[in-house]
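Undergrad: just a sequence and a predicted model for now, questions to come.
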Amino acid sequence: MPCLAVGFHSIPRVCSNLTVRFPIAIFALLLVGLTECLSQTAPSKPAPVADFVDIAKKAGLDLTITYGGKTTKKYIIETTGTGVAILDYDNDGWPDIFIVNGTTLDGFPKGQAPTSHLYHNNHDGTFTDVTAKAGVAATGWGQGACVGDYDNDGWDDLYVTYYGKNRLYHNEHNGTFKEVAESAGVAGNGKDWGSGCAFVDYDRDGKLDLMIADYVDFDLATAPQPGQGTSCIWKGVPVMCGPRGLKPSRNILYRNLGNGKFEDVSAKAGIEKTQGHYCLSVSPVDYNNDGWPDIYVACDSTPSILYRNNHDGTFTDVGVVAGAAFNEDGREQAGMGSTIADYDGDGRLDIFKTNFSDDTSTLYHNSGDGTFSDATFAAGLGLHTQYLGWGTMFFDFDNDGWPDLLLVNGHVYPEVDANHLGAEFEEPAILYHNLGNSTFMDVSNAAGPALTSKASSRGLAIADLWNDGRQSAVITNMNSPVSLFVNQQRNSNHWIAFRTIGTKSNRDGIGARIELTIGKRVLVDEVRSGSSYNSSSDLRVHFGLGTVDKVDAVEIRWPSGLVEQFKSVKVDAINTVQEGAGIAVPKLTAASLSASPVAVPSQ
């Protein structure tokens, strides 16, 4: 029988026209034909677009995250999990991995408590645990981490947030770190619950400042027990309480004074004016392209925050008026992770945020006039409301020139499994492929076994760990081994990456805006610390180029305000570009320049 031109959407219309006298045999024949049609046209298995494999154990990342109870969570402190930071701590040109660890309510005997871990990249696909040697073996309720060279000495430093006092590790240039948070003035009061963090030069004075999101004003001694209030019941089952019903905390901004010291400017900078939020991830982004870094903060169960930089040392929360605080229904969501990219190629940086289960993640499209619109459903991202999202990053996994999107998921209530509440504690990750037309396609089932494996994941960081153009994902999982997702499938697409070195600007060039011209397209991104869920990815900025094997121009706007053009860059390589080594451009948009400044590939 020939294939019928009837789709699923037309079946109700066909059936509604039937009468009781319609011959049953003819109706049955129609159904048989439709079944035959679908069997002929529906593929049995999607064609593979990637082959992500979890090689963490093979690569030497042998850490199992410790975080609260395994089968039940008594308090909210047991649910948030930890982040990941990528940094080249020894300046050998290969990204290393720092993984934040947690603890339990019962604690551990002396000398047996879990610690955070630092893994050195061996340049051969494996890593060596150098935690003890490097001096970073701290324990406690670890949360997030971010990377930045705060003293401009050419060596990246590391900040780690905790429920309790935070830690600042100064890089000693010899493979070790010195913990200096107290003397630097950034340890906190010991009562705050630091979550996401990011180094950002908000006042553009050439010194990296430090932004910290705080989650809940929490005290174990007075915290309510599961089931003791309306915010302690989920779908009829007693669960840990919060964040609703608990006291919100404040966000913190530390200004770098340039002598190894920081000053808490949260009040006078306007950061503390955002009261009543439960804040998690921090993503710096110059959303209005005025050359001054703004800050997006994803908040749980409350409106998210968009701190607009006022150019005078202060910020104003414009999240509501800019359309980045709620979803398109005007509803506050339970924001967890956030990531930044120009997903549709219009030259403007957009925001993506993960949320709680029974809700969608949210894609905020940058309208170019200081506002955003909710493009979640239009972009094809309104799927998988059964999952609870955490870490998320835009990254071009196939180097086709369009940033794709990875989300890692996991529930906060282990009780969902035993009570069959329509969700699972361990959930698979999601990979959305950017189709290049402002929409995405879920390709998780065609992207390798790592994407279909399940865990209760939290932190996520992206890096080109092998310096070969393949970006990999490091993921933390609750009370389970960490994951390292590596794409084993190769293609012929080209790529280019940039390591920025500031001179007048901060040494890492954090906040620099890079515009890449290839033919009629302009690719845009920024050097960024923080982002994802309480994590910090590779500071080197990566662009996929597709089949293009030549870059027409590279323009960098440094945090100092200097705009330069670089032409002598190498494709399929990581280029080191230094502030002042390019051709200065008098305007933000430059005409083509014939002279070629020096850009030195780092490999």
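TA: Perfect, I can see it now.
Undergrad: ranges for the helices of the stretch 151-300 of the chain?
TA: 181-184 (DSSP state H, counting those that start in this stretch).
Undergrad: and the strands in it?
TA: 157-162, 167-171, 177-179, 194-200, 209-214, 216-217, 233-234, 237-238, 247-248, 252-256, 262-264, 279-285, 294-299 (DSSP state E, counting those that start in this stretch).
Undergrad: which stretches of this structure have low pLDDT?
TA: Applying pLDDT under 70 to the chain picks out residues 1-44, 587-603.
Undergrad: how about residue 54, what does it touch?
TA: Taking Cβ atoms under 8 Å, 6 or more residues apart in numbering as the contact definition, residue 54 lies against 449, 450, 453, 483, 484, 485, 486. To be clear about C-beta, it is placed using only N, CA and C from the backbone, and glycine gets the same treatment.
Undergrad: burial count for the fourth one?
TA: Burial of residue 483, expressed as a neighbour count using other Cβ atoms under 10 Å, amounts to 23.
Undergrad: got phi/psi on the residue nearest to the spatial centre of the chain?
TA: Centrality entry for the chain: nearest residue to the mean C-alpha point is residue 532, 1.7 Å, by Cα atoms, centre = their mean. Note on residue 532: backbone dihedrals following degrees, to the nearest 10 are phi 60, psi -140.
Undergrad: that one against residue 281, yeah?
TA: Yes: with contact defined as Cβ atoms under 8 Å, residue 532 reaches residue 281; the gap is 6.6 Å.
Undergrad: joint contacts of those two?
TA: The contact lists of residue 532 and residue 281 share 337, 338, where a contact means Cβ under 8 Å, 6+ apart.
Undergrad: residue 445 falls within a helix, correct?
TA: Yes: under DSSP: H, G, I helix; E, B strand; the rest coil, residue 445 falls within a helix.
Undergrad: name the helices or strands packed onto the strand or helix carrying residue 458?
TA: In the assignment (DSSP states H and E), residue 458 maps to strand 457-463. Secondary-structure packing of strand 457-463 (3 or more Cβ pairs under 8 Å, 6 or more residues apart in numbering; DSSP states H and E): strand 84-87, strand 96-99, strand 389-395, strand 404-409, strand 472-477.
Undergrad: could you list the paired strands of the fourth one along with their orientation?
TA: Note on strand 404-409: by DSSP bridges, its sheet partners are strand 389-395 (antiparallel), strand 430-434 (antiparallel).
Undergrad: what's the most buried one of those strands?
TA: strand 389-395 (a mean of 27; mean count of other Cβ atoms under 10 Å).
Undergrad: got the angle for that one vs strand 294-299?
TA: 150 degrees (axes from the mean of the first three to the mean of the last three Cα atoms, to 10 degrees).
Undergrad: figure out how far strand 389-395 is from the centre of its chain.
TA: When distances are taken as Cα atoms, centre = their mean, to the nearest Å, strand 389-395 is centred 4 Å away from the chain's centroid.
Undergrad: swap in stretch 323-330?
TA: 20 Å.
Undergrad: now do the nearest residue to residue 246 once chain neighbours are set aside against residue 276, distance only.
TA: Distances taken as Cβ to Cβ, 6 or more residues apart in numbering place residue 216 nearest to residue 246, at 5.0 Å, with adjacent residues excluded. Distance of residue 216 to residue 276, given as Cβ to Cβ, to the nearest Å: 12 Å.
Undergrad: who touches both of these two?
TA: Counting by Cβ under 8 Å, 6+ apart, the shared contacts of residue 216 and residue 276 are residue 248.
Undergrad: any idea which of the contacts of residue 54 has the most stuff around it?
TA: Busiest of those [other Cβ under 10 Å] is residue 485, holding 28 neighbours.
Undergrad: and the angle from the one helix or strand that residue maps to to strand 457-463?
TA: Under the criterion of DSSP H and E, residue 485 resides in strand 483-487. In terms of direction (the same axes, to 10 degrees), strand 483-487 departs from strand 457-463 by 40 degrees.
Undergrad: beyond strand 483-487, next helix or strand please.
TA: strand 494-501.
Undergrad: who does that next one pair up with?
TA: By DSSP bridges, strand 494-501 pairs with strand 541-546 (antiparallel), strand 574-578 (parallel).
Undergrad: any chance of a markdown table for these, columns mean neighbour count?
TA: A markdown table is the format used below for the strands paired with strand 494-501 (neighbours: other Cβ atoms under 10 Å):
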| stretch | mean neighbour count |
| --- | --- |
| strand 541-546 | 22 |
| strand 574-578 | 21 |
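Undergrad: which of these sits closest to residue 503?
TA: strand 574-578 (6.7 Å; Cβ to Cβ).
Undergrad: can you dump the C-alpha coordinates of the closest one into CSV?
TA: Provided in CSV are the C-alpha atoms of strand 574-578 (Å, rounded to 0.1, in the frame of the first residue of the first chain):
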residue,chain,number,x,y,z
ILE,A,574,46.0,28.5,20.1
ASN,A,575,47.2,32.0,19.5
THR,A,576,48.7,34.1,22.3
VAL,A,577,47.7,37.8,21.7
GLN,A,578,49.2,40.5,23.9
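Undergrad: ok, residue 388 - contacts?
TA: Neighbours of residue 388 in contact, by Cβ under 8 Å, 6+ apart: 336, 355, 356, 357, 409, 410, 411, 412, 423, 427.
Undergrad: tabulate those (CSV), appending distance to residue 583, neighbour count and secondary structure.
TA: Shown next, in CSV, are the contacts of residue 388 (distance: Cβ to Cβ, whole Å; neighbours: other Cβ atoms under 10 Å; DSSP: H, G, I helix; E, B strand; the rest coil):
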residue, distance to residue 583, neighbour count, secondary structure
336, 42, 31, coil
355, 44, 24, coil
356, 49, 17, coil
357, 51, 22, coil
409, 46, 27, strand
410, 48, 27, strand
411, 53, 23, coil
412, 52, 25, coil
423, 55, 18, coil
427, 49, 23, strand
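Undergrad: which SS class is residue 524?
TA: Under three-state DSSP, residue 524 comes out as strand.
Undergrad: you'd agree it is up against residue 517?
TA: No: using Cβ under 8 Å, residue 524 is not in contact with residue 517, being 10.4 Å away.
Undergrad: spatially nearest residue to residue 498, not counting backbone neighbours?
TA: With Cβ to Cβ, 6+ apart, the residue lying closest to residue 498 is residue 541, at 4.9 Å.
Undergrad: ok, now which ones touch that neighbour?
TA: 497, 498, 500, 514, 525, 526, 527.
Undergrad: tally of neighbours for the last one?
TA: Going back to what we said before, that points to residue 527. Counted by other Cβ under 10 Å, the residues lying close to residue 527 total 24.
Undergrad: for it, give me its contacts.
TA: 500, 508, 509, 510, 511, 512, 514, 539, 541.
Undergrad: now for the residues you listed: which two are most distant?
TA: Maximum pairwise distance among the contacts of residue 527 (Cβ to Cβ): 13.4 Å, between 508 and 514.
Undergrad: shared neighbours, these two?
TA: Common neighbours of residue 508 and residue 514 are listed as 500, 527 (criterion: Cβ under 8 Å, 6+ apart).
Undergrad: more crowded one of these two?
TA: The neighbour comparison of residue 508 against residue 514 (other Cβ under 10 Å) goes to residue 508, with 26 against 20.
Undergrad: that one sits in which helix or strand?
TA: Residue 508 belongs to no helix or strand, assigned by DSSP H and E.
Undergrad: good, we can wrap up now.
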